[in-house]
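Asker: coordinates only, sequence not included:
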């Protein structure tokens, strides 16, 4: 028996240069499309009469960039999703936007401010938008502790009242509607995440996660739910005693793996159901 399924064109790379002014503008996107609906025939018999080719999906991304431009990733995603859902039952468009800092009228450097993300879903039941940021690297050199945890025969981790806390934030937030000042909301949500990380005296990364999600909900009333994935980028104090040196919390080994991974959701008490857009990795089951 055929179970849930979808298909689409993944990771269409799009670079758009706006040349209308003396200073060029640069848009750098990675666009993935997923379509679903009554596709049993193509799976079971090879009948492709209900299949929109993935090459067509790729071409649509490029054509829409030329015809409509790209104001925000959310608006561009909505344009594409609405177009595809006129042909199929359900469409989801996921977009990563890579930031560039201006160096001159036509020169740029890739920014380290994180990757802006948007996932737009559309069907006959409605439209949903999830925005976010990925790879936003944050670090506090102090004001972080970790102690009082479970200890068993395999526990070797010492308790600490002062440690480096570092993470690469992967955050997504769900909007209550699709009529939004997308740039303003993104800036406010990102600023709230950073401020909460900076200003929270952390007894655990879980506590910091909750503070960050709560700060976004407080800053932006139109956001109803925030999901966070925070890898704990461990920094271990290096033992310099063999070299006759002390180490008063100054020299660290930055370990890349294994790492702790803290994930959680913060939502309003009256948050509406998520719909299709929030199913970022589990198919179309809402």
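Answerer: Sure thing, it's come through. Note that the structure is a prediction, hence the values are computed from the model and not measured.
Asker: OK, contacts around residue 96?
Answerer: Residues near residue 96 by CB atoms under 8 Å, 6 or more residues apart in numbering: 29-30, 115-117, 134. Where C-beta positions appear, they are placed from N, C-alpha and C, glycine not excepted.
Asker: So how do I select the buried members of those in PyMOL?
Answerer: In PyMOL, this line selects whichever of the contacts of residue 96 come out buried by 16 or more other CB atoms under 10 Å:
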select buried, resi 29+30+115+116+117
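Asker: Which parts of the stretch 101-250 of the chain are strands?
Answerer: 107-110, 115-123, 126-140, 165-175, 223-232, 235-237 (DSSP state E, counting those that start in this stretch).
Asker: what two of the contacts of residue 96 are the furthest from one another?
Answerer: 29 and 134 (13.7 Å; CB to CB).
Asker: What count of nearby residues applies to residue 128?
Answerer: The number of residues packed near residue 128 is 26, by other CB atoms under 10 Å.
Asker: Any idea what it is bridged to?
Answerer: Residue 128 has the following beta-bridge partners by DSSP bridges: residue 121.
Asker: wait, isn't it in contact with residue 121?
Answerer: Yes. Counting by CB atoms under 8 Å, residue 128 touches residue 121, with 4.9 Å between them.
Asker: quick one: pLDDT of residue 269?
Answerer: With respect to pLDDT, residue 269 scores 88.
Asker: Wait, a helix at it?
Answerer: No. Counting by DSSP: H, G, I helix; E, B strand; the rest coil, residue 269 is not part of a helix but coil.
Asker: quick one: it from residue 240, how far?
Answerer: Note on residue 269: its distance to residue 240, by CB to CB, to the nearest Å, is 51 Å.
Asker: With neighbour numbers in mind, choose between these two.
Answerer: Applying other CB under 10 Å to residue 269 and residue 240 shows that residue 240 carries more neighbours, namely 12 against 4.
Asker: Quick check: closest non-adjacent residue to that one.
Answerer: residue 247 (4.6 Å; CB to CB, 6 or more residues apart in numbering).
Asker: There's contact between the one you found and residue 236 in this structure, I believe.
Answerer: No. Applying CB under 8 Å as the test, residue 247 and residue 236 come out as separate, 10.9 Å apart.
Asker: rewinding a little: to residue 95, which of the strands of the stretch 101-250 of the chain lies closest?
Answerer: strand 115-123 (4.9 Å).
Asker: Can you tell me which helices and strands that closest one packs against?
Answerer: helix 73-84, strand 90-97, strand 126-140 (3 or more CB pairs under 8 Å, 6 or more residues apart in numbering; DSSP states H and E).
Asker: Of all the residues in the first one, which ones are buried?
Answerer: By neighbour count with 16+ other CB under 10 Å, helix 73-84 contains the buried residues 73-81, 83-84.
Asker: TSV for those, including distance to residue 100 and pLDDT?
Answerer: Below are those laid out as TSV (distance: CB to CB, whole Å; pLDDT from 0 to 100):
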residue	distance to residue 100	pLDDT
73	14	98
74	19	98
75	19	98
76	17	98
77	20	98
78	23	98
79	22	98
80	22	98
81	26	98
83	27	98
84	28	98
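Asker: what about the closest residue to residue 160 other than its chain neighbours, distance to residue 162?
Answerer: Leaving aside its sequence neighbours, residue 160 sits nearest to residue 146 (CB to CB, 6+ apart; 5.6 Å). Distance, residue 146 to residue 162, using CB to CB: 10 Å.
Asker: neighbour count winner among the two?
Answerer: Neighbours per residue, other CB under 10 Å: of residue 146 and residue 162, the larger number sits with residue 146, 19 against 11.
Asker: residue contacts, the more buried one?
Answerer: 159-160, 163, 203-204.
Asker: can you rerun that using 7 Å?
Answerer: Residue 146 is in contact with 159-160, 163, 204, counting by CB atoms under 7 Å, 6 or more residues apart in numbering.
Asker: and residue 90, which of the strands of the stretch 101-250 of the chain is closest to it?
Answerer: Here strand 115-123 is closest among those (CB to CB), at 4.3 Å.
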